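Novice: Build me a model from this:
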Amino acid sequence: MAEALQVGVGMIAARAGRDFPIVCVGGSAGGLDAYIRLLRHLPADMGAAVVIVNHVRTTATLLHEVLPRYSAMPVELITERLLVEPNHVFIIPEQRDLHVLDGEFRLEPISKPRGWPDVITVFLRSLTAHWDGKLIAVIVSGYDGDGAAALCGIKEVGGITIAQKLDTAAQPDMPGSAIASGCIDFVLSPEEIARQIVKIARAEPRAV
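Specialist: Residues are numbered from 1 along each chain as shown. Here you go, the predicted structure:
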């Protein structure tokens with residue numbers, strides 16, 4: 001009896017530990033500029049995990065080496081079963097699909113090895129199925145329309161969706177596709193996106 005109660009308490013504690021917001025920032029071509037501008041305006045203690053899902057199939061990412069100089073939060077390349085933690089920035093590795101399960105990141109071989117990858121869509125759909133906390137989906141500069149197909153699903157579970165303002169994006173295809181989905185709440189510059197993320201993460205009233 002006591003053992004069962006202890007297990008139950010442990011499960012409740014583990015679940016409570018996954019109630020913080022996750023911010024998925026998806027981008028590709030021109031995304032580095034957007035990531036830098038965004039991270040510069042995010043505080044170290046906003047209480048959310050930021051996951052940068054760069055829409056690159058085979059090129060080795062260097063974002064975990066470049067972005068720490070612009071972020072008040074630790075920046076880490078995702079490895080299998082890495083714990084999702086608030087006040088951290090996580091970077092998807094190349095040639096992998098990213099999922100979340102039981103409060104951890106899970107990596108799988110990329111499911112679309114040819115053509116434009118859909119790693120952002122894959123991760124967003126995993127979040128809608130397996131994350132208890134708030135969801136914030138952000139689509140920034142990049143080619144193609146990765147992520148757009150999952151945005152309505154994010155809204156259906158109560159999440160917030162944001163696209164980069166097209167005239168601030170080096171490559172507007174990806175945020176343009178997001179806007180065309182009809183499931184975007186805000187269209188903002190990277191600096192404005194950062195301010196909106198902080199408001200949502202800290203449960204302040206949303207901007208109108």
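Novice: how much space between the residue nearest the centre of the chain and Cys183?
Specialist: Central residue of the chain (C-alpha atoms, centre = their mean): Cys24, 0.9 Å from the mean position. According to C-beta to C-beta, to the nearest Å, Cys24 and Cys183 sit 14 Å apart. No exception for glycine: its C-beta is placed from N, CA and C like everyone else's.
Novice: hang on, the earlier thing: quickly find the element holding the residue nearest to the centre of the chain.
Specialist: Assessed by DSSP states H and E, Cys24 sits inside strand 22-27.
Novice: just to revisit the earlier point, got the contact list for the residue nearest to the centre of the chain?
Specialist: 51, 53, 120, 123-124, 127, 135-138 (C-beta atoms under 8 Å, 6 or more residues apart in numbering).
Novice: Can you name the next helix or strand after the strand holding Cys24?
Specialist: Next along from strand 22-27, by DSSP H and E: helix 31-39.
Novice: can you map out the strands along this structure?
Specialist: In the chain, the strands defined using DSSP state E lie at 22-27, 49-54, 75-77, 89-91, 96-101, 104-109, 135-139, 160-164, 186-188.
Novice: Can you tell me what sits against the fourth one?
Specialist: Residues external to strand 89-91 that are found in contact with it (C-beta under 8 Å, 6+ apart): 39, 49-52, 54, 61, 63-64, 67, 71, 73-78, 82, 84, 105.
Novice: for the record, mean pLDDT for that strand?
Specialist: Averaged across strand 89-91, pLDDT comes to 97.
Novice: The fifth one now?
Specialist: Model confidence over strand 96-101, given as mean pLDDT, is 96.
Novice: how about that strand: buried residues?
Specialist: Residues of strand 96-101 classed as buried by neighbour count (16 or more other C-beta atoms under 10 Å): 96-100.
Novice: This completes my enquiry, with thanks.
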